[in-house]
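Q: need coordinates for the following:
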Amino acid sequence: MKKYAIVIEQGPNNLSAYVPDLPGCITTGRTVEEIEHNIREAMELHLDGLREDGEPIPDPHTAVAYIELQQVG
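A: Coordinates of the predicted model:
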């Protein structure tokens, strides 16, 4: 089992998500729960397409972290 990082961004009217280690694998949704469901489906389809095309499956290498900064001023 491989564990891929996803990035969720807030847009003006919805959320979007993408997988940095799977270029082109993106989705949108109205809630975080919908995004998680949609990105899982998008990832499965993306990986199926790579397999069908005989392309290698990229290993996950992106790491995520949060840095908390104190407001200055």
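Q: which outside residues touch the helix or strand hosting Ser16?
A: If you go by DSSP states H and E, Ser16 is part of strand 15-18. The set of residues external to strand 15-18 that reach it, using CB atoms under 8 Å, 6 or more residues apart in numbering, is 6-9, 25-32, 34-35, 38-39. Placement of C-beta: from N, CA and C, glycine included.
Q: same thing with stretch 45-58?
A: Outside stretch 45-58, the residues touching it (CB under 8 Å, 6+ apart) are 2, 19, 21-22, 24-25.
Q: repeat for stretch 22-29
A: 4, 11, 14-19, 35, 37-39, 41-43, 46-47, 58.
Q: are any of those buried, and which?
A: Using 16 or more other CB atoms under 10 Å as the burial test, those include 4, 15-19, 35, 38-39, 42-43, 46-47, 58 as buried.
Q: pick out the most distant pair among those residues.
A: The largest separation in the buried ones among the contacts of stretch 22-29, counting by CB to CB, is between Leu15 and Pro58 at 23.8 Å.
Q: one step back: so which of the contacts of stretch 45-58 is the closest to Ala63?
A: Closest to Ala63, out of all of the contacts of stretch 45-58 and judged by CB to CB, is Asp21, at 10.5 Å.
Q: this completes my enquiry, with thanks.
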